[in-house]
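Student: have a look; sequence and predicted model below, questions after that.
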Amino acid sequence: MHWLVLLTLLTTCLVEAVSAACSGNNCLRAVQKVPAGNRNGTADCISFFKVTVTPTPSIVRSTVTITTTLLSRENKKRGIPELGELHNMRHIYGPVHALQVLPGNALRKRQTTVSPTAIPSYASPCSSLAAYSSACSCLGVPRTTVTAAAAASTSMYTITETYTPSLPTRVVNTTSGSPSTTNATGTARPTLSNNSTGLFTNTSTPTSSPTRIIDTTCGQSSTPFSLRVSQPDGLFDGWYARLSGDGVLFTSVQSSATPFSVESSGHLCAVGYEGEFGNAVIAVVTNLTASGAVWLLDGRRAQALGEDYVPLECTTGGGAGLSCAAGETKNWVGCGLQLDLSSEPGNVVVDGFNCSAINLVVG
């Protein structure tokens, strides 16, 4: 019986305390009074007692598939595109681009809870948020919690590379002592004009009196190496150079990297590949514009196209990675997945495409 008496006394005290808190209170009277402007104090209390909870962002794994549109004939015996194809390939197909998926925050955010902090102006007699909250409780307004939809934060990405052939390989007639102007089927080749005016014009006539060295082998006079992209904070940092058709692309798979070599001639060549005339394929760049894609051609073909394409002169010493130049064209840039060379430092626009400055590290 004693505990029943104590419970009755405690209940009575609690009711009296609540009654005292909910009566004779200027704050409560201000909230109970119908405010000006047809506002409703109870409605404001309901809004005040509404708490919004935002869950931790979820993680979404995104997969990006990159499909190249360059030549992708991978046999050891490789056909070479014609002069017209080299001029037009970039304009027809453009460089290979990758869709960059930006990672989310490295640190996972905690769940956040947002509660209203503003008191209506008509409730100015309430000295604090606690006083206004107490007045709303006296009106019997319940507290509610609203959970917002979880945001999706992309924090991981996977890039899949596929290589798709796009242009047919030309059949070349090699019976004459110099590159023929017609192929085996009789289709006319683009004229190799001696009147072209380039940035670094070669005044010699390659087909009659060649002055350039033709590398017949690659990797026998020097140690082969792979080329790794250095692009701090860039998408392709740590990727590798890979010969795809006649262009150089970037690959994230080290085992897919092509071995290269710088011969005693100073020419950059791809180890294990030979061109249409059985010679090593060497890196060239156009001298018609300030920037252009890097192509690897049979040395004899490069000599025949010497009015419009210049072999790169390269070095690997001094700890500066691979340095190559064709006149003033000496700055490596990446146009999407494709390797280019530019005479302008930093990021450049090549054929209407934004290209980023990179370095090539010898590995």
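Tutor: Arrived safely.
Student: and the gap between Leu341 and Thr117?
Tutor: Here the criterion is CB to CB, to the nearest Å. By it, Leu341 lies 59 Å from Thr117. Quick note: C-beta positions are derived from backbone N, CA and C, even for glycine.
Student: who has more neighbours, the two?
Tutor: Ranked by neighbour count (other CB atoms under 10 Å), Leu341 and Thr117 place Leu341 first, with 24 against 7.
Student: the more buried one reaches Ala326, doesn't it?
Tutor: Yes. Using CB atoms under 8 Å, Leu341 is in contact with Ala326, at 7.0 Å.
Student: mutual contacts of the two, please.
Tutor: Residues touching both Leu341 and Ala326 (CB atoms under 8 Å, 6 or more residues apart in numbering): Val285, Leu312.
Student: quick one: end-to-end distance for stretch 283-292.
Tutor: Distance between the boundary residues of stretch 283-292 (CA to CA, to the nearest Å) amounts to 12 Å.
Student: and stretch 281-295, by the same measure?
Tutor: Start to finish, the residues bounding stretch 281-295 are 9 Å apart (CA to CA).
Student: ok, now stretch 297-311?
Tutor: End-to-end distance for stretch 297-311: 9 Å, by CA to CA.
Student: and it, average pLDDT?
Tutor: For stretch 297-311, mean pLDDT rounds to 88.
Student: just use 449 as the starting number from now, easier for me
Tutor: Fine by me, first position is 449 from now on; the one you just mentioned is stretch 745-759.
Student: which parts of that stretch are buried?
Tutor: 745-759 (16 or more other CB atoms under 10 Å).
Student: tell me the contacts of Val696?
Tutor: The contact partners of Val696, by CB under 8 Å, 6+ apart, come to Ala689, Arg690, Thr706, Ala731, Val742, Leu744, Gln786, Leu787.
Student: secondary structure class for it?
Tutor: Put simply, Val696 is strand when judged by DSSP: H, G, I helix; E, B strand; the rest coil.
Student: what's the answer for Arg477, then?
Tutor: Classified using three-state DSSP, Arg477 is helix.
Student: so who does it touch?
Tutor: Per CB under 8 Å, 6+ apart, neighbours of Arg477: Pro573.
Student: what strand or helix carries Ser585?
Tutor: Under DSSP states H and E, the secondary-structure element containing Ser585 is helix 577-586.
Student: give me the contact list for the helix or strand that that helix is followed by.
Tutor: On the C-terminal side of helix 577-586, the closest following helix or strand by DSSP H and E is strand 592-595. When contacts are defined by CB under 8 Å, 6+ apart, strand 592-595 is touched by residues Ile494, Phe497, Lys498, Val499, Thr500, Val501, Thr502, Pro503.
Student: can you lay out those residues as a markdown table showing secondary structure and neighbour count?
Tutor: As requested, the contacts of strand 592-595 are arranged in a markdown table below (DSSP: H, G, I helix; E, B strand; the rest coil; neighbours: other CB atoms under 10 Å):
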| residue | secondary structure | neighbour count |
| --- | --- | --- |
| Ile494 | helix | 16 |
| Phe497 | coil | 17 |
| Lys498 | strand | 14 |
| Val499 | strand | 14 |
| Thr500 | strand | 14 |
| Val501 | strand | 13 |
| Thr502 | strand | 17 |
| Pro503 | coil | 14 |
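Student: may I see those organised as TSV, with distance to Thr763 added?
Tutor: Shown next, in TSV, are the contacts of strand 592-595 (distance: CB to CB, whole Å):
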residue	distance to Thr763
Ile494	76
Phe497	73
Lys498	69
Val499	66
Thr500	62
Val501	61
Thr502	56
Pro503	56
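Student: tell me which two in these are the farthest apart.
Tutor: Using CB to CB, the two most remote members of those are Ile494 and Pro503, lying 23.3 Å apart.
Student: tabulate the contacts of strand 592-595 in a markdown table, adding columns for pLDDT.
Tutor: Shown next, in a markdown table, are those (pLDDT from 0 to 100):
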| residue | pLDDT |
| --- | --- |
| Ile494 | 85 |
| Phe497 | 85 |
| Lys498 | 86 |
| Val499 | 84 |
| Thr500 | 82 |
| Val501 | 81 |
| Thr502 | 76 |
| Pro503 | 74 |
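Student: give me the helices and strands touching the helix holding Ser585, please.
Tutor: Packing partners of helix 577-586 (3 or more CB pairs under 8 Å, 6 or more residues apart in numbering; DSSP states H and E): helix 474-480, helix 489-496.
Student: try it again at 10 Å.
Tutor: helix 450-469, helix 474-480, helix 489-496 (3 or more CB pairs under 10 Å, 6 or more residues apart in numbering; DSSP states H and E).
Student: tell me, which of those is the model least confident about?
Tutor: When I compare the helices and strands packed on helix 577-586, helix 450-469 is least confident, with a mean of 46.
Student: I'd like the next helix or strand past whichever strand or helix holds Ser709.
Tutor: Using DSSP H and E, Ser709 sits within strand 708-710. Using DSSP H and E, the helix or strand that follows strand 708-710 in sequence is strand 716-722.
Student: now do the buried residues in that next one.
Tutor: Neighbour-count burial for strand 716-722 flags Leu716, Cys717, Ala718, Val719, Tyr721, Glu722 (criterion: 16+ other CB under 10 Å).
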